[in-house]
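Asks: Sharing a model prediction with you, sequence too.
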Amino acid sequence: MSEFQELIKNFNKCRDYVRDFFVYGFKSRQDFTSDRKSARTYDNERRRIESWLGDYVEEALSEQDTKSRVKSISLQLDSNLLNTNPLFSVWKTKSFTDNDILLHFYLLDILRKQSYSASELAEILSQDYEMAVDTQLVRRKCNEYVKEGILATTKSGKSLLYSLGLTWEELCENTADHTDTGDKSLREPLSDVISFMQLSAPFGYVGNTILDKISHKNESFRVKHGFPAFTLEEEITYALLLAQKNHRYVKMEIQSSRRPNDSLTLCGIPLRIFVSARTGRRYICIYRITNNSFNTNKIKYHFRCVRLDQIKSVKELTSRDRSKQEWEQIETATSSFSEMEEKLARNLPYIWGVSFSGSRTKVVLTLNIQEQSEQFILTRLAREGKGGTMTKLRENTFLFETIVQDAQEMFPWLRTFIGRIVDLRFYQLDSSQNPGTENHLLRRHFFDDINALYQIYETNE
């Protein structure tokens with residue numbers, strides 16, 4: 001029987017469990033085990049996450065579960081009271097073996113005074129530490145530490161030598177040498193900067209790790225509206241930003257949170273990350289070649305946005321992953337990266353949310369607003385209208401007009417004006433981008449939703 005271990009190796013697994021338990025709502029043992037997972041898996045993952053986030057875990061009995069005594073678990077995070085993001089602790093988990101622990105201390109001890117190659121390290125480990133280890137294993141471990149910043153490398157002829165990297169104290173001393181601060185330590189002002197950064201900036205985990213290294217606690221800053229859960233997707237964010245910087249074509253494995261059994265593969269060139277100011281949810285905008293146009297002479301592209309929390313993995317594609325014809329088309333697309341950005345910039349004024357589907361539509365909304373007592377509605381329209389125009393038709397009657405790519409994205413916002421809507425029309429734009437025929441289907445869709453809602457309330461009464 002396998003023994004429970006607190007640490008894990010696969011962060012994708014860790015990310016999924018944290019979301020399942022806490023981010024996507026309250027979950028009981030029954031809810032979890034019905035989703036392709038065993039009861040033992042539930043118990044193990046629950047204990048593991050409670051060990052990371054025990055101060056924020058809350059168990060409760062819902063009204064329907066009182067008789068059956070089924071407990072639901074949730075994560076209670078009030079960003080107004082937090083001096084850091086508790087979910088950063090999830091990034092600090094990693095499995096290791098006895099040899100990993102021994103190698104960690106042995107390698108640091110050997111390299112504290114002199115640089116060595118991987119083969120020399122393996123020989124020293126065998127002779128002085130009585131630890132027989134393969135040279136390739138030592139090289140992999142050293143290269144892993146180089147990526148973490150623990151070790152540094154230098155080239156000596158054909159050999160690659162490993163040495164210790166800079167400590168935090170050495171980094172501060174080197175920085176002080178190039179400033180006019182004299183002997184004054186830079187740790188305190190730098191710590192304040194890092195304390196702010198770890199709460200406000202993407203990849204705040206980096207700042208949090210530095211604070212741990214110098215045993216500093218943030219006592220100065222709080223964020224009023226923070227979104228701690230989105231740190232779980234920063235590994236995906238980094239891979240996409242790297243591909244964007246290098247103009248690479250990537251493959252993304254996507255799994256919907258609502259339909260966990262359904263998965264989708266999307267390929268494209270990452271262009272920009274959009275962030276919702278209201279929810280903190282992040283989307284990657286990619287420029288992709290339609291699947292059915294690879295084998296045609298005329299390549300078709302389109303923009304598409306994908307939620308980062310639904311992306312399970314990102315892989316940079318190479319010529320080995322595609323046929324010669326397809327790769328030539330991909331290279332042609334990536335070479336015109338600046339043209340894609342310009343095209344995106346031209347489209348953004350017409351994007352209400354993150355959808356590029358549909359055709360451009362002019363939305364004409366007539367509202368009844370009491371000017372004397374509802375000035376806040378006019379202020380809200382100006383603030384949230386995203387470039388739309390307001391015209392006063394007569395006393396207490398106003399016309400709001402805007403052009404959007406996907407008018408259905410406006411529906412949730414338009415519904416907030418129910419009770420004030422006098423009329424609502426949608427007009428398709430013609431080839432000259434002038435309003436043409438009215439789109440009765442959109443209008444019917446909007447009011448059918450309202451009627452359906454009315455029927456629900458009428459039935460409940």
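Replies: Looks like it came in fine.
Asks: name the helices or strands packed onto the longest helix belonging to the chain?
Replies: Longest helix in the chain, counting residues (DSSP state H): helix 440-460. Applying 3 or more C-beta pairs under 8 Å, 6 or more residues apart in numbering; DSSP states H and E, we find helix 440-460 packed against helix 411-415, strand 421-429. For the C-beta atoms, the positions are set from N, CA and C on the backbone; glycine is no exception.
Asks: who wins for proximity to L271 among the ones you listed?
Replies: strand 421-429 (24.2 Å; C-beta to C-beta).
Asks: With just CA atoms, put the closest one into CSV.
Replies: Extracted in CSV, the C-alpha atoms of strand 421-429 (Å, rounded to 0.1, in the frame of the first residue of the first chain):
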residue,chain,number,x,y,z
ILE,A,421,-34.7,50.2,-21.2
VAL,A,422,-37.1,52.0,-23.6
ASP,A,423,-35.8,50.3,-26.8
LEU,A,424,-32.9,48.2,-27.9
ARG,A,425,-31.8,47.6,-31.5
PHE,A,426,-29.0,45.8,-33.2
TYR,A,427,-27.8,46.7,-36.8
GLN,A,428,-25.3,44.8,-38.8
LEU,A,429,-22.6,46.8,-40.5
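Asks: Can you name every helix or strand that that strand contacts?
Replies: Short answer (3+ C-beta pairs under 8 Å, 6+ apart): strand 421-429 packs on strand 361-368, strand 435-438, helix 440-460.
Asks: Looking at these, which one is packed in the most?
Replies: Compared across the helices and strands packed on strand 421-429, strand 361-368 shows the largest average neighbour count, a mean of 19 (mean count of other C-beta atoms under 10 Å).
Asks: List the neighbours of that one that are in contact with it.
Replies: The contact list for strand 361-368 (C-beta atoms under 8 Å, 6 or more residues apart in numbering) reads 377, 388, 393, 396-405, 407, 410, 414, 417, 420-429, 435, 439, 442.
Asks: The stretch 151-300 of the chain: strands as residue ranges?
Replies: 151-156, 159-164, 250-255, 263-275, 282-289 (DSSP state E, counting those that start in this stretch).
Asks: Reformat those as CSV; add mean neighbour count, distance to I369 and mean pLDDT.
Replies: CSV is the format used below for the strands of the stretch 151-300 of the chain (neighbours: other C-beta atoms under 10 Å; distance: least, C-beta to C-beta, whole Å; pLDDT from 0 to 100):
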stretch, mean neighbour count, distance to I369, mean pLDDT
strand 151-156, 13, 65, 91
strand 159-164, 18, 68, 91
strand 250-255, 18, 42, 91
strand 263-275, 17, 30, 91
strand 282-289, 22, 32, 91
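Asks: center of this protein - which residue?
Replies: E233 (3.9 Å; C-alpha atoms, centre = their mean).
Asks: closest to I101 out of the helices and strands packed on strand 421-429?
Replies: Using C-beta to C-beta, the helices and strands packed on strand 421-429 put helix 440-460 closest to I101, at 59.6 Å.
Asks: Now do that closest one: distance to the chain's middle.
Replies: Here helix 440-460 is found 34 Å from its chain centre; the criterion is C-alpha atoms, centre = their mean, to the nearest Å.
Asks: Now do it against strand 361-368, angle only.
Replies: Here helix 440-460 points in a direction 50 degrees away from that of strand 361-368 (axes from the mean of the first three to the mean of the last three C-alpha atoms, to 10 degrees).
Asks: residues making contact with the longest helix of the chain?
Replies: Outside helix 440-460, the residues that touch it by C-beta under 8 Å, 6+ apart are T361, A407, Q408, F411, L414, R415, I418, L424, R425, F426.
Asks: how about a cut-off of 10 Å?
Replies: Helix 440-460 is touched from outside by 358, 361, 363, 407-408, 410-411, 414-415, 418, 421, 423-428, 439, with contacts defined as C-beta atoms under 10 Å, 6 or more residues apart in numbering.
Asks: ok, back up a step: closest one to A229 among the helices and strands packed on helix 440-460?
Replies: Of these, nearest to A229 by C-beta to C-beta is helix 411-415, at 21.4 Å.
Asks: hmm, who's touching that closest one?
Replies: 352-353, 363, 365, 384-386, 400, 407-408, 421, 424, 442, 445-446, 449-450, 453.
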